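J.: just to be clear, the model below is a prediction. Sequence and coordinates:
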Amino acid sequence: MALEDVLAHLRSRHDEVLEELIEFAAIPSVGADPARAPRMREAARWVAGRLAAAGPLSARTVETEGQPVVYGEWLGAPGRPTVLVYGHYDVQPEDPVEKWESPPFEPALRDGRLYARGVSDDKGPMLIPIEVARSFFETDGALPVNVKFMFEGEEEVGSPSLDAFIRGHEALLSADAVLSADGAMWRPDEPSLVLGSRGVAALEFTLTGAAKDLHSGRHGGGIANPLHAMAELVASLHDPDGRVAVAGFYDRVRDLPPAEREAIRAMPFDEAAYLAELGAPAAVGEAGYSTLERQWIRPTLEVNGMWGGYQGPGGKTVIPAAAHAKLTCRLVHDQDPDEIVERVARHLESHRPAGVRLTVRPGAGRAGAARIEPDHFVVRAARRALSDVYGVEPLLVRVGSTVPISELFERHMGLRTLFFSFSTADEDFHAPNEFFRVRRLHEGLEAWARLWERLAETRAGEPAPAS
């Protein structure tokens, strides 16, 4: 059966697929909220039901220590590559609800966009390959390649159960490459493929002074103020040139080859427009690197929260007993998250101001960086698929954020992950009024179908033929 027949079948189902996405996005599957646990189970059942309805995919739900993994497979294409399709059905909390123009779990269509929490991250993108499988089965009775689906429910809380799940199911999950429906294209006006993502290491710390809040007139000038100490300690984390000042932080960082740095510098990037879009007055960061290099290929240390003392209306003249901060580091390849947490903790202790005590606690987020080679066979097939859809060569980009699954598959199974998502970075995921462009839903359906056909032209592990 010709690919054009499959594409025609997909076009005939555009409205049906959109209605299914609306139904899926209406489920408040907020993994961070224990009160939503029943709705998480509902979302897992919904995904399993869609897999089962798509065709002979042997769909089932696998329990973990946290939320269940929904798994399905079709292995009826001997001699052709096997790809593992990844996505997640959990979503971010909807807060602040008052900032939404329509209720976050009542999907609303406006101006070619579908608004709902989780519709872009990751319900729309992960639904696409399921629906493409259904069209192949209904049109041709088979898929062009062997496909395994794995959808988890804990990505938005750091995928805490995923490490053990992968280690316990390596045979089940074996494949030639991973295709992640999670992630995002760089910009909405041009196609792109993500070749790398940074890792993350998180920690938080507390500085304590006296055993209780003190009157700032009675005790000021004689007892350490934890907020003052916090400001001094946080300021010590970076040098004046923007480099992280933690000893050993860069020990494992390797400079990118000059050709790859030049490719990043050649990216069509309007820094002034970028700053205007964000409402930021200037770009800052590590000296000697461009903004994109700082965001894509250099490690960072950021303060994500800092608090303490009186924060109510009016004034209250106290020396607070404690001050608190949360930090995250974005990591590049070869940096070890545990080692970085240890080095940052050591820096905090060695720079602790007099008169305060320090307590450091590891944060929940921890994952290594991941990458895929530009000439990997799945990248070459994906480039051809996107070129077929958009009529232009896709950009090869990196992202500064972290998707734990890619590093876990690389570390435990030696598998590379290609992000093949049809979200774009401007769709306000993790923020009020998250949306997914309806045209991207339809473009994604075509692109996934073309990708699987392109992959069928290769033998497992070999490059796709050059166009």
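T.: Ah, there it is.
J.: any idea how far the residue nearest the centre of the chain is from Arg440?
T.: Taking C-alpha atoms, centre = their mean, the centroid of the chain lies closest to Val403, which sits 4.0 Å from it. To Arg440, Val403 is 19 Å away according to C-beta to C-beta, to the nearest Å. Just so you know, the C-beta spots here come from the backbone N, C-alpha and C atoms, and that holds for glycine as well.
J.: residue ranges of each domain in the chain, please.
T.: 3-197+369-456, 199-253+299-366 (automatic domain parsing).
J.: mind checking what secondary structure the residue nearest to Ala263 when sequence neighbours are not counted has?
T.: Sequence neighbours aside, Leu396 is the residue nearest to Ala263 in space, at 7.5 Å (criterion: C-beta to C-beta, 6 or more residues apart in numbering). Three-state call for Leu396 (DSSP: H, G, I helix; E, B strand; the rest coil): strand.
J.: circling back to that earlier point, what's the closest of the domains of the chain to Leu292?
T.: Nearest to Leu292 among these is domain 3-197+369-456 (8.3 Å), distances taken as C-beta to C-beta.
J.: same question for that closest one, mean pLDDT?
T.: For domain 3-197+369-456, the mean pLDDT works out to 96.
J.: got the residue ranges for the strands in the stretch 101-250 of the chain?
T.: Using DSSP state E, counting those that start in this stretch, the strands of the stretch 101-250 of the chain run over residues 108-110, 113-115, 146-152, 177-180, 192-197, 199-208, 214-215.
J.: need the pLDDT of the closest residue to Arg261 other than its chain neighbours.
T.: Spatial nearest neighbour of Arg261, excluding adjacent residues (C-beta to C-beta, 6+ apart): Glu293 at 6.7 Å. On the pLDDT scale, Glu293 is placed at 96.
J.: who's in contact with Glu293?
T.: Contact analysis of Glu293 by C-beta atoms under 8 Å, 6 or more residues apart in numbering lists 256, 261, 264-265.
J.: distance to Val194, neighbour count and secondary structure for the residues you listed - can I get that in a markdown table?
T.: Below are the contacts of Glu293 laid out as a markdown table (distance: C-beta to C-beta, whole Å; neighbours: other C-beta atoms under 10 Å; DSSP: H, G, I helix; E, B strand; the rest coil):
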| residue | distance to Val194 | neighbour count | secondary structure |
| --- | --- | --- | --- |
| Leu256 | 16 | 19 | coil |
| Arg261 | 18 | 16 | helix |
| Ile264 | 13 | 19 | helix |
| Arg265 | 18 | 11 | helix |
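J.: for these, which one is nearest Ile128?
T.: Ile264 (28.5 Å).
J.: any idea how far the nearest residue to that closest one once chain neighbours are set aside is from Arg265?
T.: The spatially closest residue to Ile264, leaving aside those adjacent along the chain, is Leu292, at 5.3 Å (C-beta to C-beta, 6+ apart). Per C-beta to C-beta, Leu292 is found 8 Å from Arg265.
J.: do the same with Val30
T.: Taking C-beta to C-beta, one finds Val30 at 40 Å from Arg265.
J.: also Ala287?
T.: For Ala287 relative to Arg265 (C-beta to C-beta), the value is 16 Å.
J.: and the next helix or strand past the one helix or strand Phe409 maps to?
T.: Using DSSP states H and E, Phe409 sits within helix 404-413. Counting by DSSP H and E, the element after helix 404-413 in chain order, helix or strand, is strand 417-419.
J.: which is the next helix or strand following that following strand?
T.: strand 435-437.
J.: before we move on, the earlier item: quick one: residues contacting the residue nearest to Ile264.
T.: Counted by C-beta under 8 Å, 6+ apart, Leu292 has contacts 264-265, 267, 269.
J.: list the contacts for the nearest residue to Asp163 once chain neighbours are set aside?
T.: Among residues not flanking Asp163 along the chain, Leu408 sits closest, at 5.8 Å (C-beta to C-beta, 6+ apart). Leu408 makes contacts with 159, 162-163, 166, 367, as judged by C-beta under 8 Å, 6+ apart.
J.: just the buried members of those residues?
T.: The neighbour count (16 or more other C-beta atoms under 10 Å) marks 159, 162-163, 166, 367 as buried among the contacts of Leu408.
J.: that's a strand at Asp95, yeah?
T.: No - the assignment for Asp95, made by three-state DSSP, is coil rather than a strand.
J.: what about Thr206, distance to Tyr390?
T.: From Thr206 across to Tyr390, the span is 50 Å (C-beta to C-beta).
J.: typo on my end, Gly220
T.: 64 Å.
J.: same thing with Leu396?
T.: Distance check for Leu396 against Tyr390: by C-beta to C-beta, it reads 14 Å.
J.: so between the two, which is more surrounded?
T.: Taking neighbours as other C-beta atoms under 10 Å, Leu396 and Tyr390 compare with Leu396 leading, 19 against 14.
J.: wait, the more buried one sits on Pro191?
T.: No - using C-beta atoms under 8 Å, Leu396 is not in contact with Pro191; the gap is 10.6 Å.
J.: backbone dihedrals for Thr300, please?
T.: Dihedral pair for Thr300: phi -140, psi 160, per degrees, to the nearest 10.
J.: what's the burial count for it?
T.: The burial count for Thr300: 18, using other C-beta under 10 Å.
J.: quick one: what helix or strand has the closest residue to it other than its chain neighbours in it?
T.: Using C-beta to C-beta, 6+ apart and skipping residues adjacent in sequence, the residue nearest Thr300 is Arg330, 4.7 Å away. Arg330 belongs to strand 322-331 when elements are defined using DSSP H and E.
J.: sheet partners, orientation included, of that strand?
T.: strand 199-208 (antiparallel), strand 300-308 (antiparallel) (DSSP bridges).
J.: tilt between the first one and helix 404-413?
T.: The reference is to strand 199-208. Angle, strand 199-208 to helix 404-413, by axes from the mean of the first three to the mean of the last three C-alpha atoms, to 10 degrees: 110 degrees.
J.: and strand 199-208, which residues are buried?
T.: For strand 199-208, burial by neighbour count (16+ other C-beta under 10 Å) applies to 199-208.
J.: would you turn those residues into a markdown table with distance to Leu227?
T.: Compiled in a markdown table, the buried residues of strand 199-208 are given as follows (distance: C-beta to C-beta, whole Å):
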| residue | distance to Leu227 |
| --- | --- |
| Gly199 | 31 |
| Val200 | 27 |
| Ala201 | 25 |
| Ala202 | 22 |
| Leu203 | 19 |
| Glu204 | 16 |
| Phe205 | 14 |
| Thr206 | 12 |
| Leu207 | 8 |
| Thr208 | 12 |
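J.: out of those, who's nearest Pro78?
T.: Gly199 (36.4 Å).
J.: tell me the bridge partners for that closest one.
T.: Note on Gly199: beta-bridge partners by DSSP bridges are Leu331.
J.: same deal with Pro362?
T.: Under the criterion used (DSSP bridges), Pro362 bridges to Leu203.
J.: adjust the sequence numbering to begin at 45 for everything that follows.
T.: New numbering, starting at 45: the last item is Pro406.
J.: quick check, it in contact with Ile384.
T.: No - contact status for Pro406 versus Ile384: not in contact, 10.9 Å apart, counting by C-beta under 8 Å.
J.: who has more neighbours, these two?
T.: Shown here are Pro406 and Ile384; by other C-beta under 10 Å, Ile384 has more neighbours (25 against 15).
J.: that concludes my questions; thank you for your assistance.
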